[in-house]
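Chemist: task: produce atomic coordinates for the following.
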Amino acid sequence: MRGGTGTCPELNDWLSDNLPEGSRIGFDPFCHTVDSINKLKARLQENGLEAVPLLADGNLVDGAWGSDRPSLPLTPLRVHEARWAGKTIKDKLVEVRQALAVAHADCFLATTLDEVAWLYNLRGNDVPYNPVFVSYALVSMTDAVLYTNPAKVPPPVADHLKEGGVIVRPYDSLVPDVRSKASGKAIIAMDFSKVSYAVYQAAEEAAAAGPRGRKRTAADAVVASNGTQQQKHAVVDLSSPVVNAKALKNSAELEGMREAHLRDAVAICDFLEWLGDKIGSGGTLTEVEVDLELTGRRQQQQGFNEPSFPTIAGANSNGAIIHYRPQEGSCKTVDGNTLLLIDSGGQYDCGTTDITRTFHFGNPTAHQKRCYTRVLQGHIALSQAIFPEGTPGSAIDALARLPLWSDGLNYRHGTGHGVGAALNVHEGPQSISTRYWITTPLQVGMICSNEPGYYEDGGFGIRIENLLVIQEADTKFRFGGSTFMAFEDLTLVPIQTKMIDPALLTPAEEQWLDDYHRKVREAVSPRLAGKPAVLEWLKRHTAPVREQLAATGIAAATKAAVAVPVA
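Modeler: Residues are numbered from 1 along each chain as shown. You can find the predicted model right below:
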């Protein structure tokens, strides 16, 4: 069972409803956030249960692991080039300190790895598919600290940090340093939705004890507006100022993302030309080999570091498994009768990519073509959306679903997620989904995915995904002085037209696809000058829709052919 699906009880509810009164539930305070534990405690208390943090000498999992526990990675850090970062460390620290001043706090603790990497313009390789490293960042009004293993900091990184005014402390020094600041009456801002309960607990306990273990007295209290004395807390909850700053890409970050997508397009077009020839000549390959061949072509591109997530290459029924990962020995074979879904991405020195395309190498059924066309129509509808400032992603999610809904179809995942700039392929705070409780408005400079799909269990899966950047829309009017926003496609890879049911496609949708393919052809062609076979493939697959359909023997329906300019 999977939590959050509606058919599985939530853990807090299950524990509260099934354990006898007086039970004590242990938890590892380093593995749970403050928010999650506060919710757990509140739910347990309703039925007379208690949540107990297990420290290092009492954590059962740590004890069972013992000396067999792997050590933390020692891969060296690297500087994220200024040409792709767009802001210096000092620029970013100014923004954090402005947030501190507003919050009336003395320092801010960043605990998520992508926040630390972005803040200090560094990248690492500690977590597969994500260019981050094990670390914390603690920023005060006068100094900034990076907590990580000093052995991971080579001289160029040390010089980079010194220039930015950042000192390096051992990773294990974070909790003692937090205790020291809290006992000295410093107010530490943390994001309770991200920080571990252990760090929060250490600060609160140190503050209660006071300097060198002295108990806090009335002199340490603050006077409330009603005249009563209240204990001053060492920690304040502050939504991380780094999260929003990181989500709003600056011009250099956007330039890097565009460059990454051009490099990625070369690799994918090269792969698809090769794949089409292999299948067309009667060859076959496994889903694992699809991954290896595609990744191999990405590795040939400048600045490629690693995939941005495990490649999903799902043939036929495996394509219906949304987070499928092929394994040697159990994966399917791709041949001339296969409907293949490929969801993949790359981490480059300049940016991050995430793209899904669906292909059929033989003769798709009428039902498959209808489903594919509905998915494509949803993709186009979202790409063309114009919306006012302040609009959350949940308000436009239905645009991508409406064509599917018209046939009684749907999909069980979100339509779009945020994407980092040479960082994690999934990032917040924005989301385009049915999760209505995510109210973060979409803003200019954010990058989101556009990935509607359709999946038939045991049959096939379809998904079409591009990355989009939000920009200001050029509207005729500005109602109420509002700014309106639109999307620009970053992904530059042809969308297969063979799967389209032309009777369903409107002239406006056909025009969108022709315009998109023209953009792809014009942007990518110069990069394929040394690959004539791939360039020819690109030209064929970015030709106007009606030309492509005619070439495959599919007659365009009258509805789709009326007065549509030829690209």
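Chemist: strands along the stretch 51-200 of the chain, start to end?
Modeler: In the stretch 51-200 of the chain, strands defined by DSSP state E, counting those that start in this stretch lie at 78-79, 107-110, 122-123, 136-140, 144-147, 166-169, 188-190, listed in chain order.
Chemist: in its sheet, what does the first one sit against?
Modeler: Paired strands of strand 78-79, with direction, are strand 122-123 (antiparallel) (DSSP bridges).
Chemist: between the strands of the stretch 51-200 of the chain, which one is nearest to Glu10?
Modeler: Checking these against Glu10 by Cβ to Cβ gives strand 188-190 as the closest, at 24.7 Å. All C-beta spots, glycine's among them, are computed from the backbone N, C-alpha and C.
Chemist: give me the contact list for the closest one.
Modeler: For strand 188-190, contacts defined as Cβ atoms under 8 Å, 6 or more residues apart in numbering pick out 34, 99-100, 103, 105-109, 111, 178, 181-182, 199-200, 203, 234-238.
Chemist: which one, of the strands of the stretch 51-200 of the chain, ends up nearest to Gln45?
Modeler: The nearest among those, by Cβ to Cβ, is strand 188-190 at 23.3 Å.
Chemist: state the mean pLDDT of the closest one.
Modeler: Per-residue pLDDT over strand 188-190 has a mean of 96.
Chemist: adjacent strands (with direction) for it?
Modeler: strand 107-110 (parallel), strand 235-237 (parallel).
Chemist: in JSON lines, list the strands of the stretch 51-200 of the chain along with mean neighbour count and distance to Ile89.
Modeler: Converted to JSON lines, the strands of the stretch 51-200 of the chain look like this (neighbours: other Cβ atoms under 10 Å; distance: least, Cβ to Cβ, whole Å):
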{"stretch": "strand 78-79", "mean neighbour count": "17", "distance to Ile89": "10"}
{"stretch": "strand 107-110", "mean neighbour count": "26", "distance to Ile89": "13"}
{"stretch": "strand 122-123", "mean neighbour count": "24", "distance to Ile89": "9"}
{"stretch": "strand 136-140", "mean neighbour count": "23", "distance to Ile89": "10"}
{"stretch": "strand 144-147", "mean neighbour count": "23", "distance to Ile89": "8"}
{"stretch": "strand 166-169", "mean neighbour count": "17", "distance to Ile89": "6"}
{"stretch": "strand 188-190", "mean neighbour count": "25", "distance to Ile89": "19"}
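Chemist: so Leu100 touches Val139, yeah?
Modeler: Yes. Using Cβ atoms under 8 Å, Leu100 is in contact with Val139, at 7.5 Å.
Chemist: which residues are in contact with each of these two?
Modeler: Joint contacts of Leu100 and Val139 (Cβ under 8 Å, 6+ apart) are 107-108.
Chemist: still on that earlier bit, show the buried residues in the contacts of strand 188-190.
Modeler: 34, 99-100, 103, 105-109, 111, 178, 181-182, 199-200, 203, 234-235, 238 (16 or more other Cβ atoms under 10 Å).
Chemist: which ones among those residues map onto helices?
Modeler: Cross-referencing those against helices under DSSP state H gives 34, 99-100, 103, 178, 181-182, 199-200, 203.
Chemist: from these, which single one is nearest Glu522?
Modeler: Ala99 (42.0 Å).
Chemist: leaving out sequence neighbours, find the closest residue to that closest one.
Modeler: Residue nearest to Ala99 in three dimensions, not counting chain neighbours: Pro241, with 3.7 Å by Cβ to Cβ, 6 or more residues apart in numbering.
Chemist: now Gly276
Modeler: Nearest non-adjacent residue to Gly276 (Cβ to Cβ, 6+ apart): Trp537, at 7.2 Å.
Chemist: got the contact list for that neighbour?
Modeler: 269, 272-273, 276.
Chemist: again with His32
Modeler: 40, 196-197.
Chemist: now pLDDT, distance to Gln496 and neighbour count too, for these, in JSON lines please.
Modeler: Output for the contacts of His32, formatted as JSON lines (pLDDT from 0 to 100; distance: Cβ to Cβ, whole Å; neighbours: other Cβ atoms under 10 Å):
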{"residue": "Leu40", "pLDDT": "95", "distance to Gln496": "47", "neighbour count": "20"}
{"residue": "Ser196", "pLDDT": "94", "distance to Gln496": "46", "neighbour count": "20"}
{"residue": "Tyr197", "pLDDT": "95", "distance to Gln496": "49", "neighbour count": "24"}
